[in-house]
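> No letters, just coordinates:
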């Protein structure tokens, strides 16, 4: 009887110690960085969109309110994805991936146009972009495959087989959203490369992929026009070139410390400035100093994800964090490159800052997965947790 009581007491003590370790491991720094970037984004969103919202919707807080609701929903998703052990997701990776393909196909069949694009589903009056769900599905699927067969990824044949699993989703999404399809394939490419770092092979594959994208762009005239607007924006002033030029004017007029919060003039001119062009308004209002600060915050966010990936308990958790890190890094790089006219306009949003309900809600839920991994991190003996 005494032994049973001792055994029960020891198990209770072990559970208590495990809970304490999880609380100590939890990456509070990552959570604070996410909250800070999101709060900064809400401030800039209101500053950027208040005039357009008042003009188009009769309410200056229209976009801010919708973004706040999406952020609230995202934090609910983050709470549940943090509480649920991330390893449980490994059992449903294939159903989730197939469901994301079905939803993306359904969007094409439904042909519900918003701003000339068929990318959204309406659920209970709320617009949902299935391609955002597809990004999470790809991260979980590849993390599971790499975790179950890590040795297969060391061979180029095995790596190509893993990448080929993403091709059906890539082709479906690319039908009407090439930029998101590129991000999806980019996430897959980075995850598989980390599992099998054969530089020259992957460099050749990347070159081939770029050629295919160029060929795909040349098929549709409106995509070819974007290339022209990138090379000669002043000649395409009636289309994409106008947005590009006005964004560059905003960046150039910001100077070192900017005109001040809310003092942008280009936000009255740049079309849909609250979406993928919000970075140009940040440059104008906060200048180089503000831009450097927000870029450093993104770098710190990526560093925390890398730290979690390095100390994850298993490969599944590690590659989930690598996938999330790739997702955020690609979107930040592509958005800034578009706004500065370094690459053609792709319509990629700035994570946690640009207006976009589905993007914010899904990304916060996605970051909850990284926080769930952080609770189970393992450190070298003698190292502080």
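That came in fine, so what should we check first? Keep in mind that what you see is a predicted model, and the values were worked out from it rather than measured.
> in the protein, which spans are strands?
Ranges of strands within the chain are 121-123, 126-128, based on DSSP state E.
> any idea which of those strands scores lowest on pLDDT?
Here the lowest mean pLDDT among those goes to strand 121-123, at a mean of 66.
> Let me know the pLDDT of the closest residue to residue 25 other than its chain neighbours.
Nearest residue to residue 25 in three dimensions, chain neighbours excluded: residue 377, at 4.7 Å (CB to CB, 6 or more residues apart in numbering). Backbone N, C-alpha and C define where each C-beta goes, glycine included. At residue 377, the model reports a pLDDT of 75.
> For residue 377, give me its contacts.
Residue 377 makes contacts with 25, 308, 311, 312, 313, 385, as judged by CB atoms under 8 Å, 6 or more residues apart in numbering.
> ok, and the most crowded of those?
With neighbours taken as other CB atoms under 10 Å, the top of the contacts of residue 377 is residue 308, carrying 27 neighbours.
> list the contacts for that residue?
Here residue 308 is in contact with 27, 30, 317, 321, 370, 373, 374, 377 (CB under 8 Å, 6+ apart).
> how about 6 Å then?
By CB atoms under 6 Å, 6 or more residues apart in numbering, the residues touching residue 308 are 321, 370, 373, 374.
> Please, where are all the helices along this protein?
All helices of the chain, identified by DSSP state H, fall at 2-25, 28-57, 62-83, 93-110, 130-148, 156-164, 167-174, 178-195, 199-219, 221-231, 240-254, 278-310, 315-339, 357-374.
> Quick check: which of the contacts of residue 377 has the minimum pLDDT.
The lowest pLDDT within those belongs to residue 385, with 39.
> just for the stretch 151-300 of the chain, where's the confidence low?
Residues of the stretch 151-300 of the chain meeting the criterion pLDDT under 70: 199-206, 208-226, 228-231, 233-240.
> Apply 80 and report the result again.
Under the criterion pLDDT under 80, the flagged ranges of the stretch 151-300 of the chain are 152-155, 176, 197-243.
> Now do the residue nearest to residue 25 against residue 134, distance only.
Plainly put, residue 377 is 28 Å away from residue 134 if you go by CB to CB, to the nearest Å.
> And for the residue nearest to residue 78 when sequence neighbours are not counted, the neighbour number?
Of all residues not flanking residue 78 in the chain, residue 368 sits nearest, at 3.5 Å (CB to CB, 6+ apart). As a burial measure, residue 368 scores 24 neighbours (other CB under 10 Å).
> Which pLDDT value goes with residue 368?
For residue 368, pLDDT reads 94.
> Who are the contact partners of it?
Shown in contact with residue 368 (CB under 6 Å, 6+ apart): 78, 81, 82.
> mind running it again at 10 Å?
31, 34, 74-84, 86 (CB atoms under 10 Å, 6 or more residues apart in numbering).
> Quick check: it vs residue 301, distance?
Residue 368 is 14 Å from residue 301, by CB to CB.
> and what of residue 135?
Using CB to CB, residue 135 is found at 17 Å from residue 301.
> cool, residue 327 as well?
12 Å.
> Give me the common contacts of the two.
351, 367.
> ok so, going back, any of the contacts of residue 368 buried? List them.
31, 34, 74, 75, 77, 78, 81, 82, 86 (16 or more other CB atoms under 10 Å).
> Apart from its neighbours in sequence, what residue is nearest the first one?
So that's residue 31. Distance criterion CB to CB, 6+ apart; nearest residue to residue 31, sequence neighbours excluded, is residue 371 at 6.5 Å.
> All good on my end, thank you.
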